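Visitor: what's the 3D shape of this:
(one chain, ligands or ions: 2)
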Amino acid sequence: MSVAAILGGGIAGLSTAYYLTRTAQQAFKRIILIEGSNHLGGWIKSVRQDNGAVFEHGPRSLRGSGQAGINALELAEDLGLESKIIAVPRSRPAAQNRFIYVNNKIHILPNSFKSLVRKTEPFDKAFIRYLINDLITKGKRNGEDETIYDFVARRLGSDMANYAIDPLCRGVYAGDAKQLSIKSTFHDLWKFEQENGGIIKGALIGEKQKVQSISPLVERSKKERWAIWSLDNGIQGIPDRMVDVLNAEPNVEIMTETKCTDLDLSGPRVKVTCDNSEILEVDHVFSTLPAMNLSPAVSTNHQLLSSELSKIPYVDVAVVNVELKGQVMPFLGFGHLIPSTENSKVLGIVYDSCNFPEHDRKDQPSTRLTCMMGGAWFRQLFGDPETANLDTFTDLALEAVREQMGITADPSEVCTTLQRNCIPQYVIGHSQVMDNINGYLESHKLPLSLLGASYKGVSVNDCIYHAKLEVERVTGETLP
Ligand SMILES: Cc1cc2nc3c(=O)[nH]c(=O)nc-3n(C[C@H](O)[C@H](O)[C@H](O)COP(=O)(O)OP(=O)(O)OC[C@H]3O[C@@H](n4cnc5c(N)ncnc54)[C@H](O)[C@@H]3O)c2cc1C
Ligand SMILES: C=Cc1c2[nH]c(c1C)Cc1[nH]c(c(CCC(=O)O)c1C)Cc1[nH]c(c(C)c1CCC(=O)O)Cc1[nH]c(c(C)c1C=C)C2
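Guide: Ligands and ions are numbered 1, 2, ... in the order given. Model (predicted):
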């Protein structure tokens, strides 16, 4: 009997289990998911208060577009979650307006034809001039990696690097554009230069992938022009529904509060050792553990693999969910980010009430915001995360809300969490590490699949999509 072990019960692990149960041939007759904590969903954690307010400690929205975005909507439909979806159409300020905080002021990022041709602060030139710069800059086509910052500064200009891409890297990776790899993060931009000589040329003439879908939910999302979406009780609704579906499958077993400590990949079957001393013998392992957690588990027999896995760094992020009394948003949009060149300890603030007013408390008017701090700058700004005091983050978040947004309303609820090692950093050389890892798995013919945010994309959409692709590859089946 063929047995699969899935390590980790975050969105990648649950998706892997779900897709395995959807294969027609049921290549694995028994599927065991092993999760170290008592929570299923990993970084996805939505907390609903009695008054109806929803606080997201982790991800708060999913993009509705692109191949991975469409796949996530198809999955939501498959899970029967259509009626629970709350979506933000492209026409809403939450989808259109993104801000940056520079020189003690909030500035809107260019988002219209007017801002294409007219200079807007803090940029030095009209947006179109940066695009012209890209058109006249010769492409480096040597296949080499570069930092995101250097790539954008070289092709578009240093203003774009400082005020557009630097804050974007903070708002997606909590990372430093001067360390992250263009090849592994914004791969399409890197490819456009390699194949077409520039970003604009690539966007205009480069090969475009048409994503086909027969899903009525995808159809609706296109018709209603959804930019981002969530669920009525928060993103947690996705893993929660997956767990319900998986618990109803007779061949699936979910073990929580069980850590995998060792993987013995030396024999024909894999021996999975857990911290409860249980040893499971399985035929294939789908690891969705952060690479830094998998590394020690394979170190006994596969030192080289373990060493490559340990090269993928992670950052810590302090997340402060704030609820204020009254509807006090001074401007409408997704949120604001603070470039690393500014004198602020804050990475950015999400305007949750603008994005999903459905998640506001029902008994009285309120405003929900989420302030994030640390990331690639955590140790430099706050020292050792082991000894960090959560009150420091609460105070800094409330100060940023007051000073950066001019909001003086009293908080009615504040929840501060420190998320240790929560976002992997695809730093320069990540693609080489991936090549080394994949080469090792292939040459040793290891029955081990590596999934989750550590490798090919940090978004929830990416984690789900790559789980599907890998299940298809391992089982040799095409899923609907
Ligand atoms: C603050 C924050 C905000 C974010 N915002 C967004 C957003 O708005 N949109 C978006 O798309 N993405 C967002 N992300 C990214 C996204 O949430 C994550 O990248 C994604 O959830 C990772 O899923 P995963 O399954 O790969 O890993 P994880 O969620 O880390 O799951 C891995 C699981 O493995 C378990 N585990 C670890 N070691 C062991 C072991 N030895 N044995 C057994 N189990 C183990 C862990 O307990 C965990 O449950 C955000 C992330 C953070 C931290
Ligand atoms: C300030 C820190 C962070 C904020 N969000 C995240 C961090 C680290 C994490 C995060 N946010 C998004 C993703 C998924 C990316 C994807 O490919 O879908 C992750 C991992 C979504 C997101 N957040 C911002 C953008 C532009 C995106 C992409 C999706 C979209 O286009 O809508 C910007 C942003 N993030 C934060 C703020 C305050 C902010 C402001 C504009 C918080």
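
Visitor: okay, CA-based contacts and neighbour counts for the rest of this
Guide: Fine.

Visitor: any weak-confidence spans in the chain?
Guide: For the chain, not a single residue meets the criterion pLDDT under 70.

Visitor: change it to 80
Guide: Low-confidence segments of the chain (pLDDT under 80): 1, 206-210.

Visitor: how about the helix or strand encompassing residue 369, does it get close to ligand 1?
Guide: Residue 369 belongs to strand 366-375 when assigned by DSSP states H and E. No: using CA under 6 Å from any ligand atom, strand 366-375 stays clear of ligand 1, with a minimum separation of 7.3 Å.

Visitor: Surely residue 227 is in contact with residue 92?
Guide: No: counting by CA atoms under 8 Å, residue 227 stays clear of residue 92, with 9.1 Å between them.

Visitor: So between those two, which is more surrounded?
Guide: residue 227 (21 against 16; other CA atoms under 10 Å).

Visitor: Contacts only, for the more buried one.
Guide: 63-65, 87-90, 95 (CA atoms under 8 Å, 6 or more residues apart in numbering).

Visitor: Highest neighbour count among the residues you listed?
Guide: Neighbour max across those (other CA under 10 Å) = residue 64, 25 neighbours.

Visitor: pretty sure it is in contact with residue 224, am I right?
Guide: No: using CA under 8 Å, residue 64 is not in contact with residue 224; the gap is 11.0 Å.

Visitor: Overlap in contacts, those two.
Guide: Counting by CA under 8 Å, 6+ apart, residue 64 and residue 224 have no contacts in common.

Visitor: Provide a list of residues in contact with residue 406.
Guide: Going by CA under 8 Å, 6+ apart, residue 406 touches residue 330.

Visitor: What separation do you get for it and residue 138?
Guide: 44 Å (CA to CA, to the nearest Å).

Visitor: Then residue 29?
Guide: 55 Å.

Visitor: from the middle of its chain, how far away would the helix or strand residue 271 falls within be?
Guide: Assessed by DSSP H and E, residue 271 sits inside strand 270-274. With CA atoms, centre = their mean, to the nearest Å as the basis, strand 270-274 stands 29 Å off its chain's centre.

Visitor: hmm, it touching ligand 1?
Guide: No: Strand 270-274 lies out of reach of ligand 1 by CA under 6 Å from any ligand atom, never closer than 7.6 Å.

Visitor: Just name whatever secondary elements that strand is in contact with.
Guide: Contacts defined by 3 or more CA pairs under 8 Å, 6 or more residues apart in numbering; DSSP states H and E place strand 270-274 against strand 260-264, strand 279-282.

Visitor: would you turn those strands into JSON lines with distance to residue 438 and mean neighbour count?
Guide: Formatted as JSON lines, the helices and strands packed on strand 270-274 follow (distance: least, CA to CA, whole Å; neighbours: other CA atoms under 10 Å):
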{"stretch": "strand 260-264", "distance to residue 438": "17", "mean neighbour count": "20"}
{"stretch": "strand 279-282", "distance to residue 438": "21", "mean neighbour count": "17"}
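
Visitor: Reformat those as CSV; add distance to residue 455.
Guide: Output for these, formatted as CSV (distance: least, CA to CA, whole Å):
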stretch, distance to residue 455
strand 260-264, 19
strand 279-282, 23
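
Visitor: and ligand 2, which of those is closest to it?
Guide: Nearest to ligand 2, of all the helices and strands packed on strand 270-274, is strand 260-264, at 25.6 Å by CA to the nearest ligand atom.

Visitor: Adjacent strands (with direction) for the closest one?
Guide: Partners of strand 260-264 in the sheet, by DSSP bridges, are strand 270-274 (antiparallel).

Visitor: For the partner strand, buried residues please.
Guide: For strand 270-274, burial by neighbour count (16 or more other CA atoms under 10 Å) applies to 270-274.

Visitor: returning to what we had before: tell me the helices and strands packed up against the next helix or strand after the strand holding residue 369.
Guide: Next in sequence after strand 366-375, counting helices and strands by DSSP H and E, comes helix 378-382. Here helix 378-382 touches strand 314-325, going by 3+ CA pairs under 8 Å, 6+ apart.

Visitor: Any residue of the following helix or strand past the strand it packs on touching ligand 2?
Guide: The first helix or strand that comes after strand 314-325 along the chain, using DSSP H and E, is strand 335-337. Yes: using CA under 6 Å from any ligand atom, strand 335-337 reaches ligand 2 at 335-337.

Visitor: which of the residues you listed has the most neighbours?
Guide: Busiest of the residues of strand 335-337 next to ligand 2 [other CA under 10 Å] is residue 337, holding 28 neighbours.

Visitor: picking up where we left off before, and which of the contacts of residue 227 is nearest residue 53?
Guide: For the contacts of residue 227, the closest approach to residue 53 (CA to CA) belongs to residue 87, at 17.1 Å.

Visitor: Does that closest one fall in a helix, a strand, or a coil region?
Guide: Assigned with DSSP: H, G, I helix; E, B strand; the rest coil, residue 87 falls in the strand class.

Visitor: In contact with it, which residues are there?
Guide: Applying CA under 8 Å, 6+ apart to residue 87 gives the contacts 226-230.

Visitor: where's residue 119 relative to residue 125, distance?
Guide: Here residue 119 is placed at a distance of 5 Å from residue 125 (CA to CA).
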